[in-house]
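> Any chance you could fold what I've pasted below:
(chains A and B)
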Amino acid sequence: TQLLEQSPQFLSIQEGENLTVYCNSSSVFSSLQWYRQEPGEGPVLLVTVVTGGEVKKLKRLTFQFGDARKDSSLHITAAQPGDTGLYLCAGSSYSNSGYALNFGKGTSLLVTP
Amino acid sequence: GAVVSQHPSWVICKSGTSVKIECRSLDFQATTMFWYRQFPKQSLMLMATSNEGSKATYEQGVEKDKFLINHASLTLSTLTVTSAHPEDSSFYICSAPAGNLGRHEQFFGPGTRLTVL
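So this is what the prediction gives:
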């Protein structure tokens, strides 16, 4: 299993603030996904990055994949209460089971009005 | 995106009983599905890979005789927790690869909350 370190684990901020979540590994991934999960629900795919150095934007969310395809970051601009949730990064790598996702521990974000 | 459903969404059972959880791909076929377990305040842990028409592949530390997986068709995988005990209480989530397969994206079901009394 290839480990993904996510930081910070918990983040509580006020509406309007900016934040960055980091996802780091010593391993190279074929692709890396970011998911958002709300309590009692399954994760929902936000974005997939594949190319080293790739930057993707989804409204106020900016995702970046490191040049070496070992790390990624998620930046949220002007956070809103609706952004509250658990953010998970997951790296895709090939194993005996085929392509499986290795998840980071997640970042629990709370945005207060 | 692709839709994956799970049934039931929650279940409460007595210790020693077996519980079956279904995972269905609603608008696409999935030869492979994945089963995860998630404890409170923790991330998803891959339990096993379900393969249509063949045996499931279990991750290290997951008892295959306790967590029976059957991938009966291209749209259905089932996870049966046999002789459940309170420590098996958890949130069980399935996923299936879909969309651009080259990007290794997975779509997740809504999860099943299992509580063993």
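
> who's in contact with the helix or strand of chain A with the lowest mean pLDDT?
Using mean pLDDT, DSSP states H and E, strand A:98-103 stands out as the lowest-scoring helix or strand of chain A, at a mean of 80. Around strand A:98-103, the neighbours that count as contacts under C-beta atoms under 8 Å, 6 or more residues apart in numbering or on different chains are A:1-4, A:30, A:33, A:88-93, B:32, B:34, B:43-46, B:49, B:95, B:97, B:104, B:106. Every residue, glycine included, has its C-beta placed from N, CA and C.

> Can I get that strand as CSV, trimmed to CA atoms?
What follows is strand A:98-103, C-alpha atoms only, in CSV (Å, rounded to 0.1, in the frame of the first residue of the first chain):
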residue,chain,number,x,y,z
GLY,A,98,-5.6,-4.1,-10.6
TYR,A,99,-5.9,-0.3,-10.3
ALA,A,100,-6.9,0.5,-6.8
LEU,A,101,-7.2,3.8,-4.9
ASN,A,102,-5.1,4.6,-1.9
PHE,A,103,-6.8,7.2,0.3
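
> helices or strands next to the longest strand seen in chain A in the packing?
Secondary structure of chain A per DSSP state E: the longest strand is strand A:85-95. Applying 3 or more C-beta pairs under 8 Å, 6 or more residues apart in numbering or on different chains; DSSP states H and E, we find strand A:85-95 packed against strand A:19-24, strand A:31-37, strand A:71-76, strand A:98-103, strand A:107-112.

> Neighbouring strands - and their directions - for the fourth one?
Using DSSP bridges, the neighbouring strands of strand A:98-103 in the sheet come out as strand A:85-95 (antiparallel).

> what about the least confident helix or strand of chain A, distance to the chain center?
Computed by C-alpha atoms, centre = their mean, to the nearest Å, the chain-centroid distance of strand A:98-103 equals 15 Å.

> Then stretch B:47-55?
Distance of stretch B:47-55 from the chain centroid (C-alpha atoms, centre = their mean) equals 10 Å.

> now the end-to-end length of it.
By C-alpha to C-alpha, to the nearest Å, the extent of stretch B:47-55 from end to end equals 14 Å.

> do the same with stretch B:9-22
10 Å.

> Same check on stretch B:31-51?
Terminal-residue distance, stretch B:31-51 (C-alpha to C-alpha): 6 Å.

> What residues are bridge-paired with the residue sitting nearest the centre point of chain B?
Ranked by distance to the mean C-alpha position of chain B (C-alpha atoms, centre = their mean), the top residue is B:Trp35 at 3.4 Å. When bridges are called by DSSP bridges, B:Trp35 pairs up with B:Ala48, B:Cys94.

> Name all residues that make contact with residue 104.
In the absence of a named chain, this looks at chain A. Counting by C-beta under 8 Å, 6+ apart, A:Gly104 makes contact with A:Leu4, A:Glu5, A:Gln6, A:Cys23, A:Leu88, A:Cys89, A:Ala90, B:Ser43.

> that's the wrong chain, I wanted chain B
Contact analysis of B:His104 by C-beta under 8 Å, 6+ apart lists A:Ser30, A:Ser31, A:Gln33, A:Thr48, A:Ser92, A:Tyr99, A:Leu101, B:Pro97.
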